[in-house]
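Novice: need coordinates for the below:
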Amino acid sequence: WITSIAPRSGPNTGGTSVLINGYNFIDSNDLRCQFGNMSVFARWISPTRLECMTPASSLESGKVAVRVSLNGADYSESFEEFEYAVGLLMTSVYPDHGPFSGGTELVISGANFVHTAELVCRIGHIEVAASFVSSSEVRCTTPVLAVGIVDVAVSSNGQDFSSSVNFTSVANAMIIAASPTLGLTSGGTLVTVRGHGFSNSSGITCMFGGVAAPLTQFVSDTEIKCETPGHSQATVTVDLRSDSFESVNSGVTYRFVPEPFVASLSPISGPIEGGSIVNVRGYNFVDSSLLACVFGSKYAPARWVSSSEVSCVTPARDMEGVVSVSVSVNGIDHATNTTFFRYTPKIRLDALEPSRGPARGGTWVRILGSNFVFSSELACRFGLSMVLARYISPEEIRCVTPTIPIGLTEVSVSNNGIDYGSS
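Specialist: This is a model prediction of the structure:
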């Protein structure tokens, strides 16, 4: 039974994380949410709470009923309404700089702004209330910020934010940003330091928590590149020192983190089209917006689950084969420790023998096709029921039918127990 949802609105492109409150929710592999006539998997949190990601909607805007199913077939009579809207678009902010002490009123221009109680601006990592002016303008006031460049974005539901534009909070410090903002304790990360008033004076050196960088390269009066030194795990201040001036005392920070270690993957294989959700387990994983998995030479954004688990979606690959997998904390450097993932060709099904049998199950079915792979996860799916398959050859497998409803049932095959090919 559903009692409430939050948030109650989001963009028609989907991807909004919706918490569904109610009771009698059961932890089931078939747990699903339905938005209008579109069904998505649900994540069980407790008997009174679920989480679902909204699917994309064909509606430009409008309300749909949200229901829950415990078995993927029968949906609750109770429902709540979720409203789809056109995504917010942010085009500019004026002024684009102001004092780090805050208090600057920002005029934000864009499109599709909505007057809601949850209308907020996110300035850096701080959310502040926004004032609705029109569908193309909102206003908000900057909080106290660290010196540097921060992103400014707008949300009408407190969760899904628009594209962002930059705002620079300034002080007397010359450094305003460093990128990336974190790297390994072993050092060797090339960091770009940006600011103003830099000069190519002798002895110019980047300092990370008082430790000199082994390499500092002057680029322009607004940019310097530094190689990080080895450092213990810590968040430190990035400063500059030269013969003509001492430390800048910028307040810009850099975080040294231990090297991530990858112990295992699940699944360990997937189709060359990509799109497999892979759970990577190990330790020293850091919650970072730059967190990535590296499949061979391709970087894929990672979702942090815990310090011992991240989740990634495999990128596509041109050919089948085995690639190394590692984790990067900053999207640049990646760990030396790796494990391996196998890309497999797309499964094709040609025939079933026999193509009919009793609904009580127990029928051995010979499935003919191509690109079957011998693995412990090789499986057949009859409707919504999965059974393990017996590998015969790349062109043949065999499965025993489970108990299924009377009538036509779609049959599909997966080499990894997760990604199923055409039926």
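
Novice: lowest mean pLDDT among the helices and strands, pick that one out for the protein.
Specialist: Taking mean pLDDT, DSSP states H and E as the measure, strand 97-99 is the helix or strand of the chain with the lowest mean score, a mean of 72.

Novice: same question for the helix or strand following that one, mean pLDDT?
Specialist: Note on strand 97-99: by DSSP states H and E, the next helix or strand toward the C-terminus is strand 105-111. Looking at strand 105-111 alone, the average pLDDT works out to 93.

Novice: quick one: contacts of whichever helix or strand comes after strand 105-111?
Specialist: In the C-terminal direction, the helix or strand that comes right after strand 105-111 (DSSP H and E) is strand 120-123. Contacts to strand 120-123, defined as C-beta atoms under 8 Å, 6 or more residues apart in numbering, come from residues 106, 108, 127-130, 138, 140, 142-143, 145, 150-155, 158, 161, 167. Any C-beta I mention is one placed from the backbone N, CA and C, and that applies to glycine too.

Novice: do the same with stretch 69-80
Specialist: The set of residues external to stretch 69-80 that reach it, using C-beta under 8 Å, 6+ apart, is 1-5, 8, 20, 22, 25-26, 28, 30-34, 39, 65-68, 384.

Novice: could you redo the last one with a cut-off of 6 Å?
Specialist: With contact meaning C-beta atoms under 6 Å, 6 or more residues apart in numbering, stretch 69-80 is reached by 1-2, 5, 26, 28, 30, 32, 34, 65-68, 384.

Novice: the residue minimising distance to the centre of the chain pairs with what?
Specialist: Most central residue of the chain, judged by C-alpha distance to the mean C-alpha position with C-alpha atoms, centre = their mean, is residue 303 at 4.4 Å. Following DSSP bridges, residue 303 is listed with bridge partners residue 311.

Novice: mind checking how far it is from residue 68?
Specialist: Shown here: residue 303 relative to residue 68, a distance of 23 Å by C-beta to C-beta, to the nearest Å.

Novice: so the closest residue to residue 85 other than its chain neighbours versus residue 216, what's the distance?
Specialist: Spatially, and ignoring its direct neighbours in sequence, residue 85 is nearest to residue 61 (5.0 Å; C-beta to C-beta, 6 or more residues apart in numbering). Using C-beta to C-beta, we find residue 61 at a distance of 52 Å from residue 216.

Novice: the more surrounded of those two?
Specialist: Of the pair residue 61 and residue 216, residue 216 is the one with more neighbours under other C-beta atoms under 10 Å, namely 19 against 14.

Novice: so that one is in which element?
Specialist: Using DSSP H and E, residue 216 sits within strand 215-220.

Novice: what pairs with that strand, and is each one parallel or antiparallel?
Specialist: Under the criterion DSSP bridges, the sheet neighbours of strand 215-220 are strand 223-227 (antiparallel).
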